[in-house]
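J.: Need coordinates for the following:
(2 chains)
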Amino acid sequence: MSRGLGSSLQPVIETVGLTKQYLLGSVPVLSLDDVSMKVTAGELVVILGPSGSGKSTLLNMLGALDKPTRGKVLIDGVDVSTLNGPEMARLRLRKVGFVFQFFNLIPRLTALENVEFPLIAAGVNRRERRETALQLLASVGLKGRVNHRPSELSGGEQQRVAIARSLVNDPKIVLMDEPTGNLDSKTSVEIKAIVEKLNREKGQTFIVVTHNPVFAESADHIVHLLDGRISREEFRGMRA
Amino acid sequence: MRFTDVLRLAYRALRDRRLRSILTMAMVAIGSGLITALNSTGAGFSAYVTGQLGSLSPDIIMVLPSSSSTLRLTEGVQRTVQFLPDVSTVVPFVQRGFLTKSGTSSRTVTFMGIDQAMLPLLYPNVGLAEGEYVSPSDQSGVLLGYGVAYPQDQVTPFARLGQVITVQYTDFTAPRPATVQRALRVVGILRYMGAGGFVNVDSMAFISITTARSGMQRADVYSGIFVKARGLDRADAAAEEIRSIYGNNLTIFSLKDIAQIIQNVISALVLFIGSIAAVSLLVATVGILATMYTSVSERIREIGITKSVGFTDRDILVLFLSEALIIGAVGGLLGLIGGAGLSYAIPFALNSLVSGVAPSRSSMDGSQGGGLGPFGGGGSMGSFSLTSITPVFELPFMSEVWLFCLILAAIGGLYPAWRASRLDPIVALRHE
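T.: Down below sits the predicted model:
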């Protein structure tokens, strides 16, 4: 049972018996095995677990990048397994933002253009895109770096650009895969602070896969994964 | 996605791989440029030939002895032809190339011995720049074509009015053929004709038949005969009558024949180089394929990012296809422009190619009609000066070429774009 903003609310994400099986050569491997969980809107969820426990697979399912072998993923009430390719892309565009360990910015585009990028798929006009992107870059503290390319930015700055990009379509869910895995501890704390601030101000749901204990400290909801199963779930309620 | 955004993103991606993009565009440009240049030159040449021949009377035919025949064009032949029912006038001529000296310079000039009162018959717009025509009884006068008096490759005139020039030749009338030098006085210079027709008047010198036959040519043999038919539509009939008597011993050229021969050569040339150009466009298609394939391989991670933020497979297909299309469109357009420029240069290139071969032709035996016929004149193709060809640009054809470039670009870009669109975003995002 989830708490978050109040247990009466509909979960923004729900998985039911979620199972993903891969073929490693010809050997079937269960990456996720019967995972059922609910995430309430506005929660800051941290998913913990050793490598190979299925964290990234789970995140890909939650972000409509991949389909389950069995079971269901409901994103904002929509069952992903019933969607076709373009519908999944549409869902990612409207509801989901991704942040990756290796930032995954497009090298030839400036910080501003990288943040704007998803809005091109949405068909938003240029002026409006620019405005939204500038606001977000300001909110992650990069106002003065908007015209720099990723290669001219530090790791922490690149990750902040990536966070701004993940928020540009005003998604319900922001998924972060080891967002501080490639950053030093000081920068990690800064990133964590930004995530907390955004979570608090915008009420967006953040699901963070991480090894970093700093995120666990302030999480509302911690999911421990082991061998593709949920080994433990902690609910801490919303921060004061 | 908005159309302008697609263009902008595609342009950014191409700019990021600038050299490769430019080189691939160059491949397309070479193909479309060659095709454009060829077509424009070919069309220009056709227009030129038609225009030049159109200014001449279609009732004149030229009769030369066949190279395979032993028949000699004697006065007897001339008389026989003269009395044919469809023949109005017969103008015999002798022609030969000679080494000619004027002051310190010397060059090989084609001399024609002909009754000069008949020149306007052959060239209705012939006229004098200076002096006068050589009278039939004049044994030392010479009339120079404009290009002989004022050669294109020389700043100072070769010879002026009144000047004496020296001709060196082998005297066939002497008991034993011997090399002879003979002085001729320039009595007239023709105005510039731009040439067109049976012979290139500009590059020739005219003497009286008497002069020509007094040692410069065998006395009893003509090089050829111009025949004027009895009416504008009787040229074919006259040719038929001559053929019925002499069969294959004589070769008959009508203006139509010459035009046809030149057209055939041009068409063959255009077809030949055109097929090379077409092949180069096919190569460009493979070039686009290779460039785009490489580009996709290098941007797998970027494709993963693009998909993860919500672009559909179709969006990706459109983006990559647009890059290929931009290469095709820009390359094709540059080719059209470059080809248009090139088509102004081709006539000059061809001209220098032809004139490099010319001297050996004009020194041919006069009785074989050296320097005559469609490919005889020095520095020109037949009597047509190649440098006066203006290319003709056919816009519908050029737009077809451009469209063709786009289609080829789409073909070359389709597979890489399809491959990009089908990438699994999870695998693509993990790609190093």
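
J.: now the strands for chain A?
T.: Residue ranges of the strands in chain A, as given by DSSP state E, are A:11-24, A:27-40, A:44-48, A:70-75, A:78-79, A:96-99, A:173-177, A:205-209, A:221-226, A:229-235.

J.: Strand partners (parallel or antiparallel) of the fourth one?
T.: Same thing as strand A:70-75. In the sheet, strand A:70-75 lines up against strand A:11-24 (antiparallel), strand A:78-79 (antiparallel) (DSSP bridges).

J.: which helix is the longest one in the chain?
T.: I went with chain A, as the question did not name one. When chain A is parsed with DSSP state H, its longest helix is helix A:185-202.

J.: think we crossed wires, I meant chain B
T.: Scanning chain B for the longest helix, with DSSP H as the assignment, gives helix B:313-362.

J.: So whatever residue of the stretch 301-432 of chain B ends up closest to chain A, which state does it fall into?
T.: Ranked by CB to the nearest CB, the top residue of the stretch 301-432 of chain B for proximity to chain A is B:Gly310, at 2.6 Å. All C-beta spots, glycine's among them, are computed from the backbone N, C-alpha and C. Following DSSP: H, G, I helix; E, B strand; the rest coil, we place B:Gly310 in the coil state.

J.: does it really touch A:Arg94, like I thought?
T.: Yes. Using CB atoms under 8 Å, B:Gly310 and A:Arg94 qualify as a contacting pair, with a distance of 7.4 Å.

J.: Around chain B, which positions in chain A sit nearby?
T.: Proximity of chain A to chain B is confined to A:60, A:63, A:65-66, A:85-86, A:89-90, A:92-94, A:96, A:98, A:100, A:104-109, A:117-118, A:120-123, A:125-126, A:165, A:169 under the rule CB under 8 Å from any CB of the partner chain.

J.: which residue of chain A sits farthest from its center?
T.: Among the C-alpha atoms of chain A, the one most distant from their mean position (CA atoms, centre = their mean) is that of A:Ser26, at 31.3 Å.

J.: any idea how far that residue lies from B:Gly51?
T.: Using CB to CB, to the nearest Å, one obtains 78 Å as the distance from A:Ser26 to B:Gly51.

J.: neighbours of the nearest residue to B:Leu119 once chain neighbours are set aside, just the number please.
T.: Excluding the flanking residues, the one nearest B:Leu119 by CB to CB, 6 or more residues apart in numbering or on different chains is B:Val126, at 5.1 Å. Around B:Val126 sit 15 other residues, with neighbours defined as other CB atoms under 10 Å in any protein chain shown.

J.: do the same with the one 3 residues further on
T.: One way to gauge burial is a neighbour count; for B:Ala129, by other CB under 10 Å, it gives 14.

J.: try A:Val80
T.: Around A:Val80 sit 21 other residues, with neighbours defined as other CB under 10 Å.

J.: residues contacting the residue nearest to it when sequence neighbours are not counted?
T.: Spatially, and ignoring its direct neighbours in sequence, A:Val80 is nearest to A:Val73 (4.5 Å; CB to CB, 6+ apart). Residues touching A:Val73, when contacts are defined by CB atoms under 8 Å, 6 or more residues apart in numbering or on different chains, comprise A:Ile13, A:Glu14, A:Thr15, A:Leu18, A:Met61, A:Leu62, A:Ala64, A:Asp79, A:Val80, A:Ser81.

J.: Buried ones among the residues you listed?
T.: A:Ile13, A:Glu14, A:Thr15, A:Leu18, A:Met61, A:Leu62, A:Ala64, A:Val80 (16 or more other CB atoms under 10 Å in any protein chain shown).

J.: Skipping adjacent residues, who's closest to the fifth one in space?
T.: Residue nearest to A:Met61 in three dimensions, not counting chain neighbours: A:Val73, with 5.1 Å by CB to CB, 6+ apart.

J.: and that neighbour, what are its bridge partners?
T.: Each beta-bridge partner of A:Val73 is listed here, defined by DSSP bridges: A:Thr15.

J.: quick one, the strand or helix carrying B:Tyr293 and helix B:313-362 angle?
T.: Element membership for B:Tyr293, per DSSP states H and E: helix B:255-298. Between the direction of helix B:255-298 and that of helix B:313-362, the angle (axes from the mean of the first three to the mean of the last three CA atoms, to 10 degrees) works out to 140 degrees.

J.: re the thing from before, now, of the residues of chain A next to chain B, which are buried?
T.: With neighbours counted by 16+ other CB under 10 Å, these contain buried members at A:60, A:63, A:65-66, A:89-90, A:92-94, A:96, A:98, A:100, A:104-106, A:108-109, A:117-118, A:120-122, A:165, A:169.

J.: give me the number of residues near B:Asp59?
T.: Neighbour count of B:Asp59, defined by other CB under 10 Å: 21.
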